[in-house]
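Novice: What shape does this take:
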Amino acid sequence: MSDLNANGTAPGAEQGDGPKEAREAGRKRAPRAPGALGRIVRHEGRVLHAHVLWMTRRRNGVGAGHRAFGYAKGQAAIVYGVAFACLVETVGISYLLRDLPVLHGVMLVLDVYTLLMVLGLQATAVTRPHVLSATELRVRKGAAVDLRIPFTEITAVRRGLRTSPERPPGELVLDVGALTNVTLELATPLTHTTLLGRTESFSVLHLYAQDPDALVGEVRAAVAATG
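Specialist: I've put the predicted structure just below:
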């Protein structure tokens, strides 16, 4: 009878050895895609960073030779209105909890952070505009959406003001104040992953720009040049 180790393997064999392919697969296993919590944490990090860019009058992703197209003015009144309401609430809660220092401190931190997030909606919109480069249109909506669309994928671009109560399948709506004014049609569907991880496929994109005529004209010229 042949000798066996206590674990039932032959002498000299290493415990846990398996097929080479299994070991290689374990070493080369791709990292998991970030979950919803990870995406939310990174999103809030981008919002906080946008405050720094906003205060220093800088913009994200706008380099030399690029042209930026803003959209922040379309939501400014709503954001500032909500921020004012949050500020009033913060003052009121602080007054009501003035005799409860621990609870007052906790609520003050939460209220200030909420105010930063609300103002961050405007900060990210100002510092992360749509960007036209030599090869693509970068379409953004705050810190939540950042799409790079090559000019070779754009088959049509037009201006048209529309409200966005409905979101038909195959269409992505990036509205500002429930309005869009530019529509892009694409040659092949693209995908977009939402903040909570849902993947959407679209071949028509509706977006908002403060100067839609200029954006449509620039994109048409760029598409014609690449065609």
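
Novice: Which parts of the protein are helices?
Specialist: 20-27, 36-55, 76-96, 101-127, 212-226 (DSSP state H).

Novice: With Pro169 as the reference, name the closest of those.
Specialist: Comparing the helices of the chain by their distance to Pro169 (CB to CB), the top pick is helix 36-55, with 22.8 Å. Every residue, glycine included, has its C-beta placed from N, CA and C.

Novice: Looks like Glu153 contacts Glu185 (just checking).
Specialist: No: using CB atoms under 8 Å, Glu153 is not in contact with Glu185, being 9.7 Å away.

Novice: These two: who's more crowded?
Specialist: Set Glu153 next to Glu185 and count neighbours by other CB atoms under 10 Å: Glu153 wins out with 18 against 14.

Novice: how about that one, what does it touch?
Specialist: By CB atoms under 8 Å, 6 or more residues apart in numbering, the contact set of Glu153 is Leu186, Ala187, Thr188, Leu190.

Novice: tell me the two of the residues you listed that are most distant?
Specialist: Maximum distance among the contacts of Glu153 (CB to CB): 9.9 Å, for Ala187 and Leu190.

Novice: dump the residue contacts of the residue nearest to the spatial centre of the chain.
Specialist: Nearest residue to the geometric centre of the chain (CA atoms, centre = their mean): Ala144, 2.3 Å. By CB under 8 Å, 6+ apart, the contact set of Ala144 is His43, Thr194, Leu195.

Novice: List buried residues within the residues you listed.
Specialist: His43 (16 or more other CB atoms under 10 Å).

Novice: a markdown table for the contacts of Ala144, including distance to Phe202?
Specialist: A markdown table is the format used below for these (distance: CB to CB, whole Å):
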| residue | distance to Phe202 |
| --- | --- |
| His43 | 21 |
| Thr194 | 12 |
| Leu195 | 16 |
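
Novice: quick one: which of the contacts of Ala144 is nearest to Val157?
Specialist: Thr194 (24.1 Å).

Novice: Is Val82 in contact with Val118, as I believe?
Specialist: Yes: at 5.4 Å, Val82 counts as touching Val118 under the criterion of CB under 8 Å.

Novice: neighbour count winner among these two?
Specialist: Taking other CB under 10 Å, Val82 and Val118 do not tie; Val118 has more neighbours (20 against 16).

Novice: Could I get the pLDDT score of the more buried one?
Specialist: Val118 carries a pLDDT value of 96.

Novice: how close does the closest residue to it other than its chain neighbours get to Thr226?
Specialist: Computed as CB to CB, 6 or more residues apart in numbering, the closest residue to Val118 that is not its neighbour in sequence is Ala83, at 4.9 Å. Using CB to CB, to the nearest Å, we find Ala83 at a distance of 42 Å from Thr226.

Novice: and those two? which has more neighbours close in?
Specialist: Ala83 (19 against 13).

Novice: That one contacts Leu116, doesn't it?
Specialist: No: the pair Ala83 / Leu116 is not scored as a contact, 9.6 Å apart, by CB under 8 Å.

Novice: Regarding the chain, what is its longest strand?
Specialist: The longest strand of the chain (DSSP state E) is strand 179-193.

Novice: Specify the angle between that one and helix 36-55 in degrees.
Specialist: Between strand 179-193 and helix 36-55, the angle comes out at 130 degrees (axes from the mean of the first three to the mean of the last three CA atoms, to 10 degrees).
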